[in-house]
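Enquirer: Pasting the sequence and the predicted model now:
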Amino acid sequence: MEHNRVAILIPAFNEEHTIETVLKILPKGISTYVIDDASTDKTAVIARKNQVIVLQNSSNQGYEKSLLFGFKYIMANSNCDAIVILDADGEHDPEYVLEMLRYYNQGSDIVSGIRHRFNRISEIHTAHVFNLLYGLRDPLCGMRVYSTRFLQDYLENNQRLYLGILPLKFALKREYSLKQVEMSVGKRKDQSRFGSKFKSNIKIYVISLMCLFYYVRPLKLFDK
């Protein structure tokens, strides 16, 4: 796939200390969009200096709504066949973009990262359960490639992402091709978007439990 058929989407909120490093490591020649979620620092200014497209929310919308806005904007205003997403906080290594795109070019509708370590106990538990039931080794990883074909189908049937878990279960339900790729991650250089460890763990547990009841029955345990 030519790079002009791919877009990179990065949601960002108060990431002035990391956004430039992330943008400079990204592969050249791929249209990059930064969704500035009403940052109060210089995130948007720094992003513009790095010659990327900056879309700004007028008020803080949160990570999920920023991604949804970005998906819809890119699909409405470009001819991209694939959208790569990654975080702006330095945890995801942009050097994995090309590797993930190679798997996409081999026919995968979704390429999802498998982090070599997790930040929270709830992520460990969620990964264990979803791997056991569905073969999803890291359903919370925020670095992915989505085909726009998949996104169009998903967004016609869903209004939320539920921490990125629901798109993967929807993909299994619709029998989209899904590739999972192991990757190393860096240490997050800012505060978690979920808040305190206690609050973020509770949120992950609740949403993970909700997603267990969406779309597909457990595959690995009950399929013959």
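Expert: Done, it's in. Numbers count the residues shown, from 1 in each chain.

Enquirer: how near is I207 to K28?
Expert: Distance from I207 to K28, counting by C-beta to C-beta, to the nearest Å: 36 Å. Any C-beta I mention is one placed from the backbone N, CA and C, and that applies to glycine too.

Enquirer: Of those two, which one has the most company?
Expert: I207 (20 against 5; other C-beta atoms under 10 Å).

Enquirer: contacting residues for that one?
Expert: Y162, L163, I165 (C-beta atoms under 8 Å, 6 or more residues apart in numbering).

Enquirer: Just to check, the last one is in contact with C141?
Expert: Spelled out, it's I165. No. Using C-beta atoms under 8 Å, I165 is not in contact with C141; the gap is 10.3 Å.

Enquirer: who has more neighbours, the two?
Expert: Taking other C-beta under 10 Å, I165 and C141 do not tie; C141 has more neighbours (25 against 22).

Enquirer: Cross-check the contact I'm expecting between that one and G113.
Expert: Yes. Counting by C-beta under 8 Å, C141 touches G113, with 4.1 Å between them.

Enquirer: can I assume F150 sits in a helix?
Expert: Yes. Assessed with DSSP: H, G, I helix; E, B strand; the rest coil, F150 lies in a helix.

Enquirer: which non-adjacent residue is nearest it?
Expert: D109 (4.5 Å; C-beta to C-beta, 6 or more residues apart in numbering).

Enquirer: need the contact list for that neighbour.
Expert: Counted by C-beta under 8 Å, 6+ apart, D109 has contacts Y146, S147, R149, F150, A171, Y176, S177, L178.

Enquirer: can you check K197 too?
Expert: R120.

Enquirer: Low-confidence ranges, the protein, go.
Expert: 1-4, 188-195, 216-224 (pLDDT under 70).

Enquirer: just the strands in it please.
Expert: 6-12, 31-36, 53-56, 82-85, 110-115, 144-147, 178-183 (DSSP state E).

Enquirer: so which of these is the most packed in?
Expert: strand 6-12 (a mean of 26; mean count of other C-beta atoms under 10 Å).
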